[in-house]
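Undergrad: Got a predicted structure plus its sequence, pasted below:
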Amino acid sequence: MDESDARNIRNICILAHVDHGKTTLADHLIASSGDGELLKPRLAGKVRYMDYLDEEQRRAITMKSSSISLRYKDYSLNLIDSPGHMDFCSEVSTAARLSDGALVLVDAVEGVHIQTHAVLRQAWIEKLTPCLVLNKIDRLICELRLSPMEAYTRLIRIVHEVNGIVSAYKSEKYLSDVDSILASPSGEITDESLELLEDDEEVTFQPQKGNVVFVCALDGWGFGVSEFANFYASKLGAKADTLQKSLWGPRYYIPKTKMIVGKKSLSAGSKTKPMFVQFVLDPLWQVYEAALDPGVMSRWLPLSDAVLSMAVKHLPDPISAQAYRIPRLVPERKVIGGNEVDSSVLAEAELVRRSIEACDSSRDSPCVVFVSKMFAIPMKMIPQGGDHRERMNGLNDDDSKSESDECFLAFARIFSGVLRAGQRVFVISALYDPLKGESSQKYIQEAELHSIYLMMGQGLKPVNEVKAGNVVAIRGLGPYISKSATLSSTRNCWPLASMEFQVSPTLRVAIEPSDPSDMSALMKGLRLLNRADPFVEITVSARGEHVLAAAGEVHLERCIKDLTDRFARVNIEVSSPLVSYRETIEGDGSNLLESLRSLSLNASDYVEKRTPNGRCVIRVHVMKLPHSLTKLLDESTDLLGDIIGGKGSHSIKILESQSPSLEENVDPVEALKNQLVEAGVSSSSETENDREKCKAEWAKLLKRIWALGPREKGPNILFAPDGKRICEDGSILVRGSPHVSQRLGFTEDSTETPPDSALYSEALTLESSIVSGFQLATASGPLCDEPMWGLAFTIESHLAEDSETEKQPENFGIFTGQVMTAVKDACRAAVLQTNPRIVEAMYFCELNTAPEYLGPMYAVLSRRRARVLKEEMQEGSSLFTVHAYVPVSESFGFAEELRKGTSGGASALMVLSHWEMLEEDPFFVPKTEEEIEEFGDGASVLPNTARKLINAVRRRKGLHVEEKVVQHATKQRTLARKV
């Protein structure tokens, strides 16, 4: 394959909301390829060829991304079908990384949904070129009974809404929360705005450009504007290109003058229809209503021709795509300092990067492959025979034995060079750094590829070698790769950027075998499941339980079924879901100026602890951080970890951020620094004068950031104390160092000259103990040992001289340990003293239901402590769409209860949204007359919701729970008192 062959390759993924028709569309595209060898055209849409798992066929949803190689004219297409359910959004990420273009499907009746936002964002992050496919056009005719003009209005609104989402990403004005985007009301579309819209070259999807098609995947027909433009060009005596530009938007054809005019040129009261209605939808409606057989439409307007011709014309080939995707795939790195860096290593790494950018498929270019996931298939599905597949080294023999009946294949894309069966490659993990030499060797392994296959949906086609630009399956990498990795023919290669997932695995359960003797089989099954599923997380808790984390209930059910039937083959006991919480204090952090004053040294609301030997006095102040700042710290965890952790002897500066950005060369560290300054005062509710004071005070405080916690990168801040070094009583204040502020660039790295005293030297050694105590406290709060959330601490440690009578450390233990324990206890006590609150995770829930089921649906929502955001009727249908927030702790079994309560008339889809503080006081006791009248005296008050949640977590963790087992006990008496 030379460069001209690479120009004829298209790597395409199909993205959409669940049940919008992705797999049905893929069926028709497969049936059109190879004269029906893989799938007969009459069976397309019924077989669901890409859903070859039994669970997929049973549930009628796609659960994993799968690829197939198709031929269309002189082009080779690698088509990847992806799931639409939010629980399997990780599969969307794996499909998007291996593709260059995306077909985004939208249901013409249901319109844009929550997962449509998610897949468009994923395509934007991975720099994919999208095309829009409006599916289920037949439902507008048969189900909704819309007129052509009404259907045109509906279609133009959907195109406008999708363009609005993409343009929001482009302008970088969008909010990261998908519910914030959905909650905004859609504006009215006028003819004037449409006229401006059609001429806007920045608009992504424009039917007149040819990157939008209108299809009915079930019946196998579809069309773009160009088909009708070519058809009418000779009849109207106009050029096809001119006609194509006029067949969408407010353009009208005047038969008398044979002129195409705009809205303003029409006479008053004119009933002339837009050209798209007059020349496209009107004939379509007439044919569809007159034809008894839907096959007439598929012969007139074949679906595969419309979609595939758009794909080869508007979606890029690998050479073009990799040239502009390179900042996302391999961000450019610049070495700052470090004279010991080997220039030859740096030069070769840059050569590899240029080869990826050019999609160099020559034999002497370095071979670079990205594995997006490992997937398991039964051994019986592996093709047998062939010379290159008979080469089995000892390692692969062991691997095949350990995998039993399952064989692990790597789902991969070749970005540079030629990949051959039997080739030896380096397997590079995401943490590998070629400039670090020996210290980075644990992140690189050498492996021999056993076989290479082209994926054909349910089957595999063995090949000897494949060149750059193709998507393949690789056998022989099972022992080396857990989730994803980069393969390279040279050691001196940067790993490709990690994939970004839309959600995190939040549903956690503890699993154990029904028979304890099956524990070894379960352990082996968990290792195989962890390798086979790109999104599942398996950990061991502090209590020794094996915890499995999944994205949602459907994902969890599939994981348990795979464990039971395929990987472990033992009966498994599954615990109730383990829900994570956070702990904080009362308040919203909006009055920042008052909070900053409370951190001053003169404030009296502090907690004081003393070490057992009496030498060190700990004083802790605590304040609530603004919500925007807490959210920023939580979302920037990975970046903060890189900044604070340092880069070793030499630092690597990533010039181009991996996150989507309007400015390609934005410095992520500088951007984070500016955001921290703004987030601190953005939610402040003071006057303009106080706001300036607040900004100045906050700027001073940002120069004193000692540490973040927990795990040194969490949403809690430790500020260094700002007081006199030597106190009046002769004790020394442990000042600490603004380590994080220096890393972020808020202050210079200045070292003061230390006085020559033993006490001062001892104070320096206690700094790490104070930070460790802070980390322990923020990792397990006082309410139920859950991490703290959005708190700022100032810790003053006064160290006194060691008296002669206290020089026996064995009496109280090691002094540094005493300080660490005292700091931890003081921080926890400070939180308890300032009205602690529990913080719970919230799902954003989108529900669709008929009007008659609104009542039962709201009853289910109220039982689940849901908060309804908005309710609106879908335009052109009788269905209602309801948006609500549902606590994660209340979400288990929600979908099943909703189906039962509404007799299957309502459906729900949930995505993790944010953390929200529960306003209830877990230690509430009635004190005022009104409270006692409403709730009764303290003995009879039932635990509120917050206390119930805390007690449930404490009981699960084996912590003490204050509760009365028996209340008002009396001796039982029978009716007949026979004494």
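TA: Cool, got the structure. Because the structure is a prediction, the values reported are computed rather than measured. Numbering: from 1, shown residues only.

Undergrad: host element of the nearest residue to residue 458 once chain neighbours are set aside?
TA: Here the nearest residue to residue 458 in space, its sequence neighbours aside, is residue 52; by Cβ to Cβ, 6 or more residues apart in numbering that works out to 4.3 Å. Glycine gets a C-beta too; all of them are placed from N, C-alpha and C. In the assignment (DSSP states H and E), residue 52 maps to no helix and no strand.

Undergrad: and residue 52, how many residues sit next to it?
TA: For residue 52, the count of nearby residues is 16 (other Cβ atoms under 10 Å).

Undergrad: How much space separates it from residue 44?
TA: Residue 52 sits 16 Å away from residue 44, going by Cβ to Cβ, to the nearest Å.

Undergrad: and what of residue 533?
TA: 30 Å.

Undergrad: Surely the residue nearest to residue 458 and residue 460 touch.
TA: No: Residue 52 is beyond contact range of residue 460, at 11.9 Å (criterion: Cβ atoms under 8 Å).

Undergrad: May I have the secondary structure class of residue 461?
TA: Look at residue 461: counting by DSSP: H, G, I helix; E, B strand; the rest coil, its state is strand.

Undergrad: Output stretch 241-249 as CSV, restricted to C-alpha atoms.
TA: Output in CSV follows, covering the C-alpha atoms of stretch 241-249 (Å, rounded to 0.1, in the frame of the first residue of the first chain):
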residue,chain,number,x,y,z
ASP,A,241,-23.9,23.2,-7.5
THR,A,242,-26.1,26.3,-7.5
LEU,A,243,-29.2,24.2,-6.9
GLN,A,244,-27.6,22.3,-4.1
LYS,A,245,-26.9,25.6,-2.2
SER,A,246,-30.5,26.6,-2.6
LEU,A,247,-32.2,23.4,-1.5
TRP,A,248,-31.8,24.2,2.2
GLY,A,249,-32.8,27.2,4.1
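
Undergrad: gap between the longest strand seen in the chain and the chain center?
TA: The strand spanning the most residues in the chain, taking DSSP state E as the definition, is strand 836-849. The chain centroid and the centroid of strand 836-849 are separated by 17 Å, computed with Cα atoms, centre = their mean, to the nearest Å.

Undergrad: Does it pack against any helices or strands, and if so which?
TA: For strand 836-849, the packing partners by 3 or more Cβ pairs under 8 Å, 6 or more residues apart in numbering; DSSP states H and E come out as helix 178-183, strand 581-585, strand 880-887, strand 906-917, helix 945-957.

Undergrad: So which residues make contact with the last one?
TA: By Cβ atoms under 8 Å, 6 or more residues apart in numbering, the list of residues contacting helix 945-957 from outside reads 543, 578-579, 581, 783-786, 837-838, 840, 865, 889, 918, 920-924, 943, 960-961, 963.

Undergrad: Contacts only, for residue 233.
TA: 239-240, 243.

Undergrad: Could you identify the buried members of those?
TA: Among the contacts of residue 233, those buried by neighbour count (16 or more other Cβ atoms under 10 Å) are residue 243.

Undergrad: Run through the stretch 701-850 of the chain and note the low-pLDDT ranges.
TA: Along the stretch 701-850 of the chain, the model assigns pLDDT under 70 to residues 723-731, 749-757, 759, 802-813.

Undergrad: Do a quick rundown of the helices in it.
TA: 739-744, 758-765, 767-779, 815-833 (DSSP state H, counting those that start in this stretch).

Undergrad: For residue 166, find the nearest of those helices.
TA: helix 739-744 (32.9 Å; Cβ to Cβ).

Undergrad: circling back: how about the contacts of residue 233 in JSON lines, adding distance to residue 517 and pLDDT?
TA: What follows is the contacts of residue 233, written out as JSON lines (distance: Cβ to Cβ, whole Å; pLDDT from 0 to 100):
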{"residue": "239", "distance to residue 517": "79", "pLDDT": "81"}
{"residue": "240", "distance to residue 517": "74", "pLDDT": "80"}
{"residue": "243", "distance to residue 517": "75", "pLDDT": "84"}
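
Undergrad: ok, the contacts of residue 233 vs residue 375, which is closest?
TA: Using Cβ to Cβ, the contacts of residue 233 come closest to residue 375 at residue 240, 44.9 Å.

Undergrad: how close does that closest one get to residue 860?
TA: Applying Cβ to Cβ to residue 240 and residue 860 gives a distance of 55 Å.

Undergrad: what's the answer for residue 207, then?
TA: Counting by Cβ to Cβ - residue 207 and residue 860 are separated by 41 Å.

Undergrad: thinking again about what came up before, is there a quick ChimeraX command that grabs whichever of the contacts of helix 945-957 are buried?
TA: Command for ChimeraX that selects the buried part of the contacts of helix 945-957, burial taken from 16+ other Cβ under 10 Å:
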select :578,579,581,783,784,785,786,837,838,840,889,918,922
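
Undergrad: Name the SS class of residue 495, please.
TA: coil.

Undergrad: Tell me the pLDDT of it.
TA: We have a pLDDT of 88 for residue 495.

Undergrad: Is it correct that it is in contact with residue 430?
TA: Yes: the criterion here is Cβ under 8 Å, and residue 495 meets it with residue 430 at 5.2 Å.

Undergrad: shared neighbours, the two?
TA: Joint contacts of residue 495 and residue 430 (Cβ under 8 Å, 6+ apart) are 485-486.

Undergrad: With neighbour numbers in mind, choose between the two.
TA: Set residue 495 next to residue 430 and count neighbours by other Cβ under 10 Å: residue 495 wins out with 21 against 14.

Undergrad: The contacts of residue 233 in helices, which ones?
TA: 240, 243 (DSSP state H).

Undergrad: returning to what we had before: return the most buried member of the helices and strands packed on strand 836-849.
TA: Among the helices and strands packed on strand 836-849, strand 581-585 has the highest mean neighbour count (mean count of other Cβ atoms under 10 Å), at a mean of 25.

Undergrad: So what pairs up with residue 881 in the strands?
TA: Going by DSSP bridges, residue 881 is paired in beta bridges with residue 848, residue 872.

Undergrad: And the pLDDT at it?
TA: 87.

Undergrad: thinking it is in contact with residue 845, fair?
TA: No: if you go by Cβ under 8 Å, residue 881 and residue 845 don't touch, sitting 11.1 Å apart.

Undergrad: Residue 211 reaches residue 311, doesn't it?
TA: No: using Cβ under 8 Å, residue 211 makes no contact with residue 311, being 9.7 Å away.

Undergrad: Quick check: neighbours shared by those two?
TA: residue 131.

Undergrad: Residue 92: how many residues sit nearby?
TA: 29.

Undergrad: no no, residue 641
TA: There are 14 residues near residue 641, going by other Cβ under 10 Å.

Undergrad: what does the helix or strand where it lies rub up against?
TA: Residue 641 belongs to helix 637-645 when elements are defined using DSSP H and E. Helix 637-645 is contacted from outside by 633, 668-669, 672, 708, 712-714, 739-740, 743-744, using Cβ under 8 Å, 6+ apart.

Undergrad: Below-threshold pLDDT in the stretch 551-700 of the chain: ranges please.
TA: 589-604, 645-668, 680-691.

Undergrad: can you pull the buried residues of the helix ranked longest in the chain?
TA: Criterion DSSP H: the longest helix present in the chain is helix 148-171. By neighbour count on 16+ other Cβ under 10 Å, the buried set for helix 148-171 is 148, 150-160, 162-166, 168-169.
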